[in-house]
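In: build the 3D model from these lines:
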Amino acid sequence: MRHGTVLPLPCTTGNVGWSMKLIIGAGFLGSSLAAGLAGKEKVRLVYRSAPPLRGLQNIEYMEGDLRELDWDAALKDIDTVYAMYGTIISYDGTDGIIRDLREGVMPMLTLITECKKRGIRRIIYPSSGGTVYGKTSVQSRESDPTLPASVYAAHKITLENYFQLFNMYDGMEIISLRITNPYGYLDTTNRKQGIIPIFIERIMKHEPIEVWGNGYNTRDYIYIDDVTRAMEAAAAYEGDERCFNIGTSSATSINAIIHLIEHYTGEKARVSYRPGRICDAVSSSVNIDLALRELEWKPAVTLSEGIEMLIARYRG
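Out: Alright, predicted model coming up:
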């Protein structure tokens, strides 16, 4: 199948004439969002490998990559774009910067430019609340300085800065959501996101787990359903803010997560501690007051509840 080929929308009723939401990227975040939107919106989902989420109503599938996408086909009838495209993970060092600019940053800027040409103003972008602020011991606010300690974090901030220019000069409405550490499980694809479901599976299989550092690093973990609700709230937002922290404002150590999983499963974890990495912040948590006030959004699932739900899903 050539890039840009559209697979027909499954038969639906009563939705003729709807504008569509475009989701670029069918990884965990993109697929979770598509599954959540499918019951209430018409969605076009662009994927790079095997098409996910078969059998859901209101999803049109399009194979392609941002570097060689048929933009007329991709952006036809679109009013909102969720730009979930990503090519990089967090790691120490500077290797891969040129490749990231070529394969990650430039394709995203091409997407924004093609949207601009067609008058598509509203774009939702998942940035990273867990990495862009760098090493900090306090809850980070959107107005705080950014201190990226990895190519991944620098990638996110680079795009945010370009988005600001598009918003300023071209009247675009690109909203960056600085999401902390999402976790969860997608039933329709058996995909997992984050260390929590991975640890649950390994502990329940009596397999060893690896931890970078001493396990006392803290993170702000947020359940995937709360993340997708935040994305929907951002798409409907009519105010002037263009950057929001999305998290729980609660920091939990990796060791504490392991203990919670042991508590709810009744199993003992086999933990192997490895040397820490520079790119891993000692503490990471965000202040979400702006999202609470402007988006009228707040997380609904506590960490304990999320872990219990994932364990129940794993047990079937």
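
In: can you name the helix or strand that C115 falls in?
Out: helix 106-117 (DSSP states H and E).

In: other SSEs contacting that helix?
Out: helix 71-75, strand 78-83, strand 122-128, helix 151-170 (3 or more CB pairs under 8 Å, 6 or more residues apart in numbering; DSSP states H and E). Where you see a C-beta, it was placed from the backbone N, CA and C, and this is true even at glycine.

In: who does I209 bridge with?
Out: Taking DSSP bridges as the rule, I209 bridges to V271.

In: how much space between it and S140?
Out: The spacing between I209 and S140, counted by CB to CB, to the nearest Å, is 28 Å.

In: okay, these two: which has more neighbours?
Out: Higher neighbour count among I209 and S140: S140, with 25 against 19, using other CB atoms under 10 Å.

In: surely the more buried one meets I288?
Out: No - using CB atoms under 8 Å, S140 is not in contact with I288; the gap is 10.3 Å.

In: who touches both of these two?
Out: N245 (CB atoms under 8 Å, 6 or more residues apart in numbering).

In: dig out what R44 forms beta bridges with.
Out: L22, E60.

In: pLDDT score assigned to it?
Out: Looking at R44, its pLDDT reads 95.

In: just give me the neighbour total for it.
Out: 25.

In: buried ones in the helix holding C115, by neighbour count?
Out: By neighbour count with 16 or more other CB atoms under 10 Å, helix 106-117 contains the buried residues 107-109, 111-112, 114-116.

In: send me that helix as CSV with only the CA atoms.
Out: In CSV, the C-alpha atoms belonging to helix 106-117 read as follows (Å, rounded to 0.1, in the frame of the first residue of the first chain):
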residue,chain,number,x,y,z
MET,A,106,11.3,18.9,10.2
PRO,A,107,8.3,16.6,9.5
MET,A,108,6.4,18.2,12.4
LEU,A,109,7.1,21.6,11.0
THR,A,110,6.0,20.4,7.6
LEU,A,111,2.7,19.3,9.2
ILE,A,112,2.1,22.7,10.7
THR,A,113,2.9,24.4,7.5
GLU,A,114,0.5,22.2,5.5
CYS,A,115,-2.2,22.9,8.1
LYS,A,116,-1.5,26.6,7.9
LYS,A,117,-2.0,26.5,4.1
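
In: angle of it against strand 122-128?
Out: Between helix 106-117 and strand 122-128, the angle comes out at 160 degrees (axes from the mean of the first three to the mean of the last three CA atoms, to 10 degrees).

In: identify the residues contacting the nearest residue in space to F28 that is not next to it in sequence.
Out: Leaving aside its chain neighbours, F28 sits nearest to Q193 (4.1 Å; criterion: CB to CB, 6 or more residues apart in numbering). Taking CB under 8 Å, 6+ apart, we find Q193 in contact with 28-29, 32, 182-186, 224.

In: restricted to strands, list those residues.
Out: Cross-referencing the contacts of Q193 against strands under DSSP state E gives 182-186.

In: dump those into TSV; add distance to C243 and neighbour count as well.
Out: Formatted as TSV, the ones in strands among the contacts of Q193 follow (distance: CB to CB, whole Å; neighbours: other CB atoms under 10 Å):
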residue	distance to C243	neighbour count
P182	17	23
Y183	23	26
G184	23	25
Y185	28	22
L186	27	19
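
In: now the residues you listed as a markdown table including distance to L66 and pLDDT?
Out: Formatted as a markdown table, the ones in strands among the contacts of Q193 follow (distance: CB to CB, whole Å; pLDDT from 0 to 100):
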| residue | distance to L66 | pLDDT |
| --- | --- | --- |
| P182 | 22 | 94 |
| Y183 | 26 | 94 |
| G184 | 25 | 91 |
| Y185 | 27 | 84 |
| L186 | 22 | 73 |
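
In: any idea which of the residues you listed is closest to Y314?
Out: Nearest to Y314 among the ones in strands among the contacts of Q193 is Y185, at 7.8 Å by CB to CB.

In: just grab the bridge partners of that closest one for me.
Out: Beta-bridge partners recorded for Y185 (DSSP bridges): K192.
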